[in-house]
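> output the structure for:
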Amino acid sequence: MTKRFGQSLSISLVDQMVLSAFNLASNAALIALAGAAEFGRFIFAATVILLFTSLQNALVTTPLAIMLPGRGEADALATKRAITSFDALFRIGAGIATVLICAMSSLEPVYLALACLATFTTLARETRRGICFASERTAVALRIDTLAVLFSSMFAVLFWHMLPAADAVLLAIAAGNVGAITLAGRGLVPAHLGIRSVPAAYREVWTATRWSLFGAASSELQHRFYVFALEFFRGLAELGTVQAGRMLLGPMAVVVGALGRVSRPTMARLLAEGDVAGARRIMWIGVGLTLGAGLAYCLAMLVAWRLIEPLIYKGRYPGIELLTVAWAIYTLISVTKVAISAYALAACRLKALAVLGINVSVITSVLLLGLGLDVPQVYPVLAMIAGEIVALVWVIALVRGIDAESIAGPSRADAVEREHDVTLAS
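Got it, this is the predicted structure:
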């Protein structure tokens with residue numbers, strides 16, 4: 001691992017820890033002080049935000065990470081301008097869609113407006129983070145996220161007694177994003193193209209990465225459908241209880257999230273230079289760090305459980321121990337899969353990953369329909385675990401089958417195009 005990669009990884013880890021700490025603290029406060037139903041209302045909106053963040057990752061962040069490294073300055077600027085101009089339109093559409101989706105759980109105007117605002121500003125911050133990581137300016141990304149967390153934390157305390165708990169946190173998130181972008185995110189996004197010029201400018205990006213969208217959509221269906229299924233079949237209180245078991249596992253994604261943001265552009269650059277062994281080495285480092293950190297975190301949580309339960313859950317969440325254990329198993333499998341699939345992303349195997357995601361999401365969704373029956377509270381987590389096991393085995397087979405030599409250097413885009421002619425296989 002090069003010194004430059006190690007420095008970027010360290011900063012990225014700190015960045016992810018800052019974000020994870022805020023998510024953990026805000027969720028814990030809602031669970032302890034607001035109750036299951038209000039926590040469920042917040043989780044529904046937060047899930048929609050994560051859904052659009054994932055789609056943005058496919059259409060904006062991933063293209064930035066794999067298309068900018070290795071290009072000349074003028075070419076990179078043109079590509080960045082095309083991507084960010086498209087992103088501006090995407091963020092507007094995502095904000096409107098958030099209102100429509102969140103109306104499924106609540107028709108309160110303030111709640112819908114704040115969910116829309118939180119979505120739009122979060123995506124704006126993510127755009128700037130994506131640019132920073134793609135250009136290996138991780139320190140700037142850390143500065144943006146640290147400010148966002150500090151502002152959001154202060155505003156959450158300020159708004160807590162003025163609004164319902166879920167609304168207060170959503171407004172705090174939006175205000176924190178605006179403050180961070182204003183102070184640390186200016187100048188990162190180039191001037192936007194005119195609306196009429198965006199389709200033509202983005203066409204090259206779409207051709208190279210369109211399968212990333214299908215992969216992201218299927219991944220969201222696989223990982224988020226349980227939220228909508230629980231809300232539909234069991235209600236917001238049940239959703240809040242099941243999600244409360246997952247809350248403590250959020251920090252486990254710190255390592256894999258940080259690694260992904262640093263390793264994808266690094267592996268893409270190494271593959272472009274023909275250094276297949278170097279790219280593979282980065283992948284295995286990621287897998288080892290992810291599994292090691294995950295197991296250590298689970299052990300620490302087990303040791304501290306006697307303190308955690310009365311402090312956060314206070315005996316109001318029945319079956320929380322079993323739910324937490326099930327979510328821990330799910331998360332360990334999931335982060336390992338993500339660490340391995342980063343190599344396939346860097347190698348532009350977007351279509352193969354999309355096919356994988358579509359098949360696994362269908363399996364998981366069908367299993368989750370069982371919530372309409374008299375199944376135990378832990379059932380949705382078990383369904384998610386089954387899907388992740390299939391996905392892990394599949395992605396290992398995919399990575400083993402990648403002929404990285406054929407996609408090194410300029411031939412990466414050609415390899416993506418050749419994939420369009422491959423017959424989809426289950």
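> and the helices in the stretch 301-426 of the chain?
305-308, 320-346, 350-368, 379-401, 411-419 (DSSP state H, counting those that start in this stretch).
> export only the CA atoms of the shortest one, formatted as CSV.
Just to be clear, that refers to helix 305-308. Extracted in CSV, the C-alpha atoms of helix 305-308 (Å, rounded to 0.1, in the frame of the first residue of the first chain):
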residue,chain,number,x,y,z
TRP,A,305,-24.4,-4.6,26.3
ARG,A,306,-25.3,-4.5,30.0
LEU,A,307,-24.6,-0.7,29.9
ILE,A,308,-26.1,-0.1,26.4
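> report pLDDT for Phe159.
Phe159 is assigned 95 on the pLDDT scale.
> next: Met384.
For Met384, the predicted pLDDT is 95.
> pretty sure Val395 contacts Ala342?
No - taking Cβ atoms under 8 Å as the definition, Val395 is not a contact partner of Ala342, at 10.0 Å. All C-beta atoms are positioned from the backbone trio N, CA, C, and that covers glycine.
> helix or strand: which one has the residue sitting nearest the centre point of the chain?
Nearest to the geometric centre of the chain sits Ser54, at 5.3 Å (Cα atoms, centre = their mean). Using DSSP states H and E, the element containing Ser54 is helix 36-56.
> now Gly187
Going by DSSP H and E, Gly187 is not part of any helix or strand.
> can you give the distance from stretch 122-131 to the centre of its chain?
Chain-centre distance of stretch 122-131: 12 Å, with Cα atoms, centre = their mean, to the nearest Å.
> could you list the low-pLDDT ranges of the stretch 101-250 of the chain?
Counting by pLDDT under 70, the stretch 101-250 of the chain has low-confidence residues at 208.
> once you drop chain neighbours, what's closest to Thr127?
Asp87 (5.3 Å; Cβ to Cβ, 6 or more residues apart in numbering).
> which residues sit in contact with that neighbour?
Residues in contact with Asp87 (Cβ atoms under 8 Å, 6 or more residues apart in numbering) are 56, 59-60, 123, 127.
> check which helix or strand covers it.
Assigned by DSSP H and E, Asp87 belongs to helix 73-102.
> which parts of that helix are buried?
Within helix 73-102, the residues scored as buried using 16 or more other Cβ atoms under 10 Å are 76, 78-88, 90-91, 94-95, 97-99, 101-102.
> how far is the one helix or strand Leu295 maps to from where the chain is centred?
Using DSSP H and E, Leu295 sits within helix 276-303. With Cα atoms, centre = their mean as the basis, helix 276-303 stands 18 Å off its chain's centre.
> cool, and stretch 147-164?
Computed by Cα atoms, centre = their mean, the chain-centroid distance of stretch 147-164 equals 23 Å.
> what sits up against that stretch?
18-19, 21-22, 25-26, 29, 38, 110-111, 125, 167-169, 171-173, 175-177, 179-180, 183-184.
> out of those residues, which are buried?
18-19, 22, 26, 29, 38, 111, 125, 167-169, 171-173, 175-177, 179-180, 184.
> thinking again about what came up before, for the residue nearest to the centre of the chain, what are its contacts?
Here Ser54 is in contact with 216, 219-220 (Cβ under 8 Å, 6+ apart).
> redo that, cut-off 10 Å
Ser54 sits next to 61, 215-217, 219-220, 223-224 when contact means Cβ atoms under 10 Å, 6 or more residues apart in numbering.
> I'd like these as CSV, with secondary structure, distance to Glu231 and neighbour count appended.
Shown next, in CSV, are the contacts of Ser54 (DSSP: H, G, I helix; E, B strand; the rest coil; distance: Cβ to Cβ, whole Å; neighbours: other Cβ atoms under 10 Å):
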residue, secondary structure, distance to Glu231, neighbour count
Thr61, helix, 28, 24
Gly215, helix, 25, 27
Ala216, helix, 22, 23
Ala217, helix, 20, 18
Ser219, helix, 20, 24
Glu220, helix, 16, 20
His223, helix, 15, 23
Arg224, helix, 11, 16
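> and the furthest pair within those residues?
The most widely separated members of these are Thr61 and Arg224, with 17.8 Å between them, by Cβ to Cβ.
> hmm, back to that, can you tell me which of the contacts of Asp87 is closest to Lys351?
Distance ranking of the contacts of Asp87 against Lys351, using Cβ to Cβ, places Leu59 first at 15.4 Å.
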